[in-house]
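Peer 1: structure for the following, please:
(chains A, B, C and D)
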Protein chains: 2
Amino acid sequence: MKKYVSLLKRTKLFSDLGDDDILSMLNCLNAAVRHYNKGEYVFRQGEYIHDLMILASGRLHIQKEDYWGNLNILNEIRSGEIFGEAYIVPDSGTLMNDVIAAEASTVLFFNVERILTVCPSACPFHTRLLKNMFYTISDKNKSLVQKLSYMSERSTREKLLSYLSDEAKRQNSSSFSISFDRQQLADFLSVDRSAMSNELCKLRDEGMLDFHKNKFTLYEKIR
Amino acid sequence: MKKYVSLLKRTKLFSDLGDDDILSMLNCLNAAVRHYNKGEYVFRQGEYIHDLMILASGRLHIQKEDYWGNLNILNEIRSGEIFGEAYIVPDSGTLMNDVIAAEASTVLFFNVERILTVCPSACPFHTRLLKNMFYTISDKNKSLVQKLSYMSERSTREKLLSYLSDEAKRQNSSSFSISFDRQQLADFLSVDRSAMSNELCKLRDEGMLDFHKNKFTLYEKIR
DNA sequence: TCTTTTCCGTTGGAAAAACAACAGACTTGT
DNA sequence: ACAAGTCTGTTGTTTTTCCAACGGAAAAGA
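Peer 2: Residues are numbered from 1 along each chain as shown, chains lettered A, B, ... in the order given. Prediction:
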């Protein structure tokens, strides 16, 4: 368990906590670790969730497949992010979506009930952890709203532009890489792949952006 | 402030707390109240948010209007729900959307920092409040994912069906009312109003549902 | 009660997206 | 190095959505 401490230190959930504090918390919180290969399911739709999970390394997709095989990627979980936070409420029912490893991933499982009930006064790090947990869930919330704003764009072009410009802002550069391949990006934005590919090329031909494989560059409007 | 206690008792955030406890908390948390008329702005895009808000009564829309006047209703806040939870992280920037009263509404403002820092051991209700707050944000999160799943449907018809069937489930009846008028529903699902109206009538003609004004009834597939 | 305004369904033409199919470039595995 | 498989761009056709416009019904206001 020790080797995950350095990873966890960099996450929002455990920020501003010392190595020893984290380690003792991992024990106190009944933490478990599991590793997943690319393509492996972490959870399937219909399962019961009791824990709060944090992705120590790798990348996950929260996705949904309908009766006709249409895939929708509802959200992407990146290293250091939490997931399952929507199911920490008791009796919140079964999982609505699949969770699948988009690449080799390591997941830590925590017993949430313990964070909320055990030793509120006893351990001095507890207050810090609670605060971090709020901020983390709050952040998650914000990213969900952000995704909602991509999805509420009416056209494929505008979905692309809002997603790409947000990604540029997030990575703090007009030149950046994304983790999706074309099909995944289309599933993420809920559009047709070929139509999206077409639209991307139009945007390139109009001089608004450029791309090679997964590396995109956005240009200013006036050049 | 006393008259809001009975309202707050029914919310998830203050459930399982006594009247006196709630009242003393309202003071401790620096709670403020404001009333809004229908159509009035609660917040505008670009403002800074410091508090966590709970809607004591009424109905709010979180919405966004683009340069061309296209309106998108990102979310609807119902009585007893919280909002602004995405901005409780320090330095989380300015509000991305407008918040507007869809009907006459009463909003309570809380200082979040106090909930997280003040008297973790001193007051016995604090643990309960923290737990409730987690559950509330978690619930909010779930409803965001739910909305994402409507939005990720490819066609107007499927957006309608997924929204309406969820609403039937939520209200626990195949016959139910919605709070949106047609234009608002279209803005909520990010589709064109007339096309949506058209699709609704097709669904009615096919015998899948019926409606009069805002009252909908869904039918079984086999009758 | 009468007028004005809003809401809703309907229609037809324009625009966009979905779909299917294919070919070349690139990867992967043997 | 070769074969098999995957990923991406491209094209043409079909389907769906968007948009603008209109009229009737219902609601609001004078």
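
Peer 1: what does stretch A:174-193 rub up against?
Peer 2: Identification of contacts with stretch A:174-193 by CB atoms under 8 Å, 6 or more residues apart in numbering or on different chains yields A:59, A:61, A:63, A:71-73, A:76, A:78, A:102, A:150-151, A:156, A:159-160, A:163, A:167-168, A:171, A:196-197, A:214-219, B:151-154. In short, each C-beta sits where N, CA and C put it, glycine included.

Peer 1: buried subset of these?
Peer 2: The neighbour count (16 or more other CB atoms under 10 Å in any protein chain shown) marks A:59, A:61, A:63, A:71-73, A:76, A:102, A:150-151, A:156, A:159-160, A:163, A:167-168, A:196, A:216, A:218, B:151-153 as buried among the contacts of stretch A:174-193.

Peer 1: can you list which of the residues you listed are found in helices?
Peer 2: A:150-151, A:156, A:159-160, A:163, A:167-168, A:196, B:151 (DSSP state H).

Peer 1: quick one: the residues you listed as JSON lines, columns for pLDDT and distance to DNA strand D too.
Peer 2: Shown next, in JSON lines, are these (pLDDT from 0 to 100; distance: CB to the nearest atom of the strand, whole Å):
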{"residue": "A:Tyr150", "pLDDT": "95", "distance to DNA strand D": "15"}
{"residue": "A:Met151", "pLDDT": "95", "distance to DNA strand D": "12"}
{"residue": "A:Thr156", "pLDDT": "96", "distance to DNA strand D": "11"}
{"residue": "A:Lys159", "pLDDT": "96", "distance to DNA strand D": "12"}
{"residue": "A:Leu160", "pLDDT": "96", "distance to DNA strand D": "11"}
{"residue": "A:Tyr163", "pLDDT": "96", "distance to DNA strand D": "15"}
{"residue": "A:Glu167", "pLDDT": "94", "distance to DNA strand D": "16"}
{"residue": "A:Ala168", "pLDDT": "93", "distance to DNA strand D": "18"}
{"residue": "A:Met196", "pLDDT": "97", "distance to DNA strand D": "8"}
{"residue": "B:Met151", "pLDDT": "95", "distance to DNA strand D": "12"}
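
Peer 1: surely A:Leu23 is in contact with A:Val5?
Peer 2: Yes: with contact defined as CB atoms under 8 Å, A:Leu23 reaches A:Val5; the gap is 5.8 Å.

Peer 1: how far off centre is stretch A:130-148?
Peer 2: Distance of stretch A:130-148 from the chain centroid (CA atoms, centre = their mean, to the nearest Å) equals 11 Å.

Peer 1: what sits closest to the most centrally placed residue in chain A if chain neighbours are left out?
Peer 2: When CA atoms, centre = their mean is applied to chain A, the residue found nearest the centroid is A:Ile77 (1.9 Å). Using CB to CB, 6 or more residues apart in numbering or on different chains and skipping the chain neighbours, the partner closest in space to A:Ile77 is A:Leu60 (4.1 Å).

Peer 1: also A:Arg78?
Peer 2: Setting aside the residues directly before and after it, A:Arg78 is nearest to A:Arg59 in space (CB to CB, 6+ apart), at 6.1 Å.

Peer 1: and that neighbour, how far is that from A:Tyr4?
Peer 2: Look at A:Arg59 and A:Tyr4: by CB to CB, to the nearest Å, they are 17 Å apart.

Peer 1: ditto for A:Tyr150
Peer 2: A:Tyr150 is 32 Å from A:Tyr4, by CB to CB.

Peer 1: likewise A:Glu153?
Peer 2: Distance from A:Glu153 to A:Tyr4, by CB to CB: 39 Å.

Peer 1: A:Asn75 touches A:Ile62, doesn't it?
Peer 2: Yes: shown here, A:Asn75 and A:Ile62 form a contact pair, counting by CB under 8 Å, at 4.3 Å.

Peer 1: tell me which of those two has more neighbours.
Peer 2: Comparing A:Asn75 with A:Ile62 by other CB atoms under 10 Å in any protein chain shown, the one with more neighbours is A:Ile62, at 23 against 20.

Peer 1: quick one: buried residues of the helix or strand bottoming out on mean pLDDT in chain A?
Peer 2: Ranked by mean pLDDT, DSSP states H and E, the weakest helix or strand in chain A is helix A:112-117, scoring a mean of 79. The neighbour-count check on helix A:112-117 (16+ other CB under 10 Å) flags A:112-113, A:115-116 as buried.

Peer 1: just checking, what packs against it?
Peer 2: Counting contacts by 3 or more CB pairs under 8 Å, 6 or more residues apart in numbering or on different chains; DSSP states H and E, helix A:112-117 packs against strand A:51-65, helix A:125-151, helix B:125-151.

Peer 1: looking at this, A:Val93 is in a strand?
Peer 2: You called it Val, but residue A:93 is Gly. No: A:Gly93 is assigned coil when assessed by DSSP: H, G, I helix; E, B strand; the rest coil, not a strand.

Peer 1: can you tell me how far the closest residue to A:Phe14 other than its chain neighbours is from DNA strand C?
Peer 2: Distance criterion CB to CB, 6+ apart; nearest residue to A:Phe14, sequence neighbours excluded, is A:Leu8 at 4.5 Å. Per CB to the nearest atom of the strand, to the nearest Å, A:Leu8 is found 30 Å from DNA strand C.

Peer 1: show me which residues of the stretch of helix or strand A:Leu8 belongs to are buried.
Peer 2: Using DSSP states H and E, A:Leu8 sits within helix A:5-9. Neighbour counts using 16+ other CB under 10 Å place A:5, A:7-8 of helix A:5-9 among the buried residues.

Peer 1: ok, A:Lys169 - how many residues close by?
Peer 2: When neighbours are counted by other CB under 10 Å, A:Lys169 comes out with 11.

Peer 1: around DNA strand D, pick out the residues from chain A.
Peer 2: Residues of chain A found near DNA strand D (CB under 7 Å from any atom of the strand) are A:154, A:181-183, A:193-194, A:197-198, A:200-201, A:211, A:213-214.

Peer 1: in PyMOL, how would I select just the buried ones from the residues you listed?
Peer 2: Those of the residues of chain A next to DNA strand D that count as buried under 16+ other CB under 10 Å are selected in PyMOL with:
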select buried, chain A and resi 200+211
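
Peer 1: can I get the residues of chain A next to DNA strand D in a markdown table with pLDDT, distance to A:Ala86 and secondary structure?
Peer 2: Converted to a markdown table, the residues of chain A next to DNA strand D look like this (pLDDT from 0 to 100; distance: CB to CB, whole Å; DSSP: H, G, I helix; E, B strand; the rest coil):
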| residue | pLDDT | distance to A:Ala86 | secondary structure |
| --- | --- | --- | --- |
| A:Arg154 | 93 | 27 | coil |
| A:Asp181 | 95 | 27 | coil |
| A:Arg182 | 96 | 29 | helix |
| A:Gln183 | 96 | 26 | helix |
| A:Arg193 | 96 | 28 | helix |
| A:Ser194 | 96 | 33 | helix |
| A:Ser197 | 97 | 33 | helix |
| A:Asn198 | 97 | 35 | helix |
| A:Leu200 | 97 | 32 | helix |
| A:Cys201 | 96 | 37 | helix |
| A:Phe211 | 95 | 34 | strand |
| A:Lys213 | 88 | 34 | coil |
| A:Asn214 | 93 | 29 | coil |
